[in-house]
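Trainee: sequence and predicted structure below; questions after.
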Amino acid sequence: MKFVVLTIFPEMINPFLENGMLRLAVERGLIDARALNIRDYADGKHKETDDKPYGGGCGMVMKPEPLSRAIGAASEIAPTAKRILLTPQGRPFDQAMAHEFSATDGLIFICGRYEGVDERICQGMVDEEVSIGDYVMTGGELAAMVIIDAVTRLLPGVLGGDESAEKDSFSGGLLEHAHYTRPSIFGGESVPDVLMSGNHAKIERWRRETSLIRTFLKRPDLLEQRSFSREEKHVLTEWCRRIEELVG
Ligand code: 4GY
């Protein structure tokens, strides 16, 4: 899988590629990731990448020519990669999109700065606009890193065997169950007995049940577009029954 990040701040991207899981994925040859400096594709001795907006107004706009050449160079490195513009106007990024992207062979990220990118680039040289959330950052670089991170951890061989099943816990549409490690008592709080029981079937049942209930309590919106298994329906009706019993 190839990632190419087009940015005027490649120094923001490189440390991210050189540490942790990304570094591991690069070392294992599972991904090839690099940042290209848009300024290297700019003209003149000042290598300007931005200019004043037509029609007036404050701020600057990213010039089309350097971006167009940078996208051309990225497409030579990753010819079949999808070209993604990071913008709050894009399709909201989520775990399903991370899975979708992990099945491609490459992604080119165009990181805007200032007030934005010349519309002719957005219209003519971008396959898709993607947003990581409803807020405005100073540039698309953090968004590119968020997406690279979420996509890379889904690639076969990046996480260990134990963790690979875990990768689907959110894709199952539910939040993760609680996690505990030693010591067994911390700050006066002990670990749920079931986790100390050694009964693995019971532990797995508890994890599935608490995942469902904590999703209902913390993020009920996640349950709206989701259908429930027989076991999940049973868990929810049991909770309803117990609550009704309590209310009387
Ligand atoms: N939110 N999701 C985002 C962003 C910065 C001005 C266009 C976001 O993806 N990108 O806030 N990007 C803006 C800054 C130019 C991009």
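Mentor: Nice, I can see it. Residues are numbered from 1 along each chain as shown.
Trainee: quick one, strands of the chain?
Mentor: Per DSSP state E, the chain carries strands over the ranges 2-7, 32-37, 50-51, 61-62, 82-92, 106-111, 128-131, 185-186, 189-190.
Trainee: what's the angle between the fifth one and strand 2-7?
Mentor: Between the axis of strand 82-92 and that of strand 2-7 there is an angle of 70 degrees, by axes from the mean of the first three to the mean of the last three Cα atoms, to 10 degrees.
Trainee: what residues sit buried inside strand 82-92?
Mentor: Neighbour-count burial for strand 82-92, counted by 16 or more other Cβ atoms under 10 Å, picks out 82-87, 90. All C-beta spots, glycine's among them, are computed from the backbone N, C-alpha and C.
Trainee: quick check: mean pLDDT across that strand?
Mentor: The pLDDT scores in strand 82-92 average 98.
Trainee: over to the second one?
Mentor: Confidence for strand 32-37, expressed as mean pLDDT, is 98.
Trainee: could you dump the strands of the chain to a markdown table with distance to the ligand?
Mentor: Output for those, formatted as a markdown table (distance: least, Cβ to the nearest ligand atom, whole Å):
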| stretch | distance to the ligand |
| --- | --- |
| strand 2-7 | 11 |
| strand 32-37 | 16 |
| strand 50-51 | 11 |
| strand 61-62 | 8 |
| strand 82-92 | 4 |
| strand 106-111 | 7 |
| strand 128-131 | 4 |
| strand 185-186 | 37 |
| strand 189-190 | 37 |
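Trainee: distance to residue 225 added to the ones you listed, as a markdown table?
Mentor: Listed next are these as a markdown table, based on distance: least, Cβ to Cβ, whole Å:
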| stretch | distance to residue 225 |
| --- | --- |
| strand 2-7 | 29 |
| strand 32-37 | 32 |
| strand 50-51 | 40 |
| strand 61-62 | 36 |
| strand 82-92 | 13 |
| strand 106-111 | 26 |
| strand 128-131 | 19 |
| strand 185-186 | 37 |
| strand 189-190 | 35 |
